[in-house]
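Novice: Take a look and give me a structure for this.
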Amino acid sequence: TMGDEKKDAVEIEEVKEKEETAPQKEEAKPAAAAEPAAAAAATDAKKEDTEQQKQEAAKKKEEELAAAAKKKEEEAKKREEEKAAALKKKEEEKAEAARKAEEARQEAIRKAEEERARELAELQSLREDVAGSYSVEGEALAKLSSGVVGIAEPVMAHCAERLETLQAAQMRLIELLAKEDRKVMTLPHMAEVAQALAHVPVYSQKLYDMRKDMDALTNRVKGMRKRAAKLYTKKQQEDNTAAQRRQKEHLAQQAAIGEEQPPAGAPQL
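Specialist: Coordinates of the predicted model:
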């Protein structure tokens, strides 16, 4: 019948549609299954990138810390070298001062010995001159020379002893100063103290300039006070002159008014 034919035709079309859509559904299934896998792969890749960035940041931070530590170590080493160089220079200066003091002491001793030898030579020359000029007995000449030497020798010996004592005291003082200087140089924060002392001349100059400015201001104030006193005196003089002038004018007006009024008892016209 017609109804059955239509029904069969509809079923045939449905079957055809199912056959046509079946491959598309089959193709969509792997695609749908692949989407979570792709998302998971993207997530893993993102995690790997984040982890790699973290590792690179940590490595960079470690390198920066290592560089900073190395820089600090180099700065500390440089400060130690500067401190050692300064200490060495101080030691050399002290050694040089000690050497110069020793040379001065030796020079003083040499000069004293030369002076004594010169005096002895002069004494010998005087003895020879006296012996050649006068016929003096040998025993008297020996007594005379021994007497002169006996007078001069104790004084010279005392001077030499005092000189040696002074030189020994100077050497002890130099050693004590050198020891104290070494103690001061080994104290902590000496670099800051030296830097602060280096600023003392600048501050002294600033104080000197401020003092000059204050002196200039003081002189200006004194001048202004003198000028104000002069102006005040001049103003008082002007005020006194004006008052005297007004008083004279007032007296003149009173006198003029008195002349215009008739005397008492006079007939009025």
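Novice: and the host helix or strand of residue 95, what does it pack onto?
Specialist: Here residue 95 is covered by helix 2-133, with elements defined by DSSP states H and E. Here helix 2-133 touches helix 138-185, helix 190-198, going by 3 or more Cβ pairs under 8 Å, 6 or more residues apart in numbering; DSSP states H and E. (Glycine included, C-beta is placed from N, CA and C.)
Novice: Give the next helix or strand downstream of the last one.
Specialist: Scanning forward in sequence from helix 190-198, with DSSP H and E defining helices and strands, the next element found is helix 200-260.
Novice: Show the average pLDDT along that next one.
Specialist: The average of the pLDDT scores along helix 200-260 is 89.
Novice: and it with helix 190-198, angle?
Specialist: With axes from the mean of the first three to the mean of the last three Cα atoms, to 10 degrees as the basis, helix 200-260 and helix 190-198 are set at 30 degrees to each other.
Novice: Quick check: the gap between the closest residue to residue 184 other than its chain neighbours and residue 216.
Specialist: In this structure, residue 184 finds its nearest non-sequential neighbour in residue 190, 7.3 Å apart by Cβ to Cβ, 6 or more residues apart in numbering. Distance, residue 190 to residue 216, using Cβ to Cβ, to the nearest Å: 40 Å.
Novice: These two - which one has more neighbours?
Specialist: For residue 190 and residue 216, the more surrounded residue by other Cβ atoms under 10 Å is residue 190, and the numbers stand at 13 against 10.
Novice: Roughly how far does that one sit from residue 54?
Specialist: 46 Å.
Novice: now swap in residue 144 and tell me
Specialist: Taken as Cβ to Cβ, the span from residue 144 to residue 54 is 110 Å.
Novice: And the two? Which one has more around it.
Specialist: residue 144 (14 against 10).
Novice: Centre of the chain to the helix holding residue 95, how far?
Specialist: Between the centre of helix 2-133 and the centre of its chain there are 30 Å (Cα atoms, centre = their mean, to the nearest Å).
Novice: sec struct for residue 188, please.
Specialist: coil (DSSP: H, G, I helix; E, B strand; the rest coil).
Novice: And for it, the neighbour number?
Specialist: Neighbour number of residue 188 under other Cβ under 10 Å is 7.
Novice: Phi, psi for it please.
Specialist: phi -70, psi 160 (degrees, to the nearest 10).
Novice: Residue 189 too?
Specialist: The phi/psi pair for residue 189 (degrees, to the nearest 10) reads phi 60, psi 30.
Novice: Distance check, it against residue 74.
Specialist: 21 Å.
Novice: now do residue 52
Specialist: Going from residue 52 to residue 74 by Cβ to Cβ gives 32 Å.
Novice: likewise residue 175?
Specialist: Counting by Cβ to Cβ - residue 175 and residue 74 are separated by 37 Å.
Novice: And for residue 227?
Specialist: 66 Å.
Novice: likewise residue 68?
Specialist: Taken as Cβ to Cβ, the span from residue 68 to residue 74 is 11 Å.
Novice: Residue 41 too?
Specialist: Counting by Cβ to Cβ - residue 41 and residue 74 are separated by 48 Å.
Novice: And for residue 236?
Specialist: For residue 236, the distance to residue 74 (Cβ to Cβ) stands at 80 Å.
Novice: cool, and residue 245?
Specialist: 92 Å.
Novice: Could you do residue 204 as well?
Specialist: 36 Å.
Novice: go on, residue 125?
Specialist: Taken as Cβ to Cβ, the span from residue 125 to residue 74 is 73 Å.
Novice: go on, residue 45?
Specialist: Taking Cβ to Cβ, one finds residue 45 at 43 Å from residue 74.
Novice: Okay, now the unreliable bits of the protein?
Specialist: Along the chain, the model assigns pLDDT under 70 to residues 1-10, 12, 15-16, 18-39, 130-141, 260-269.
Novice: Nice, that's everything, thank you.
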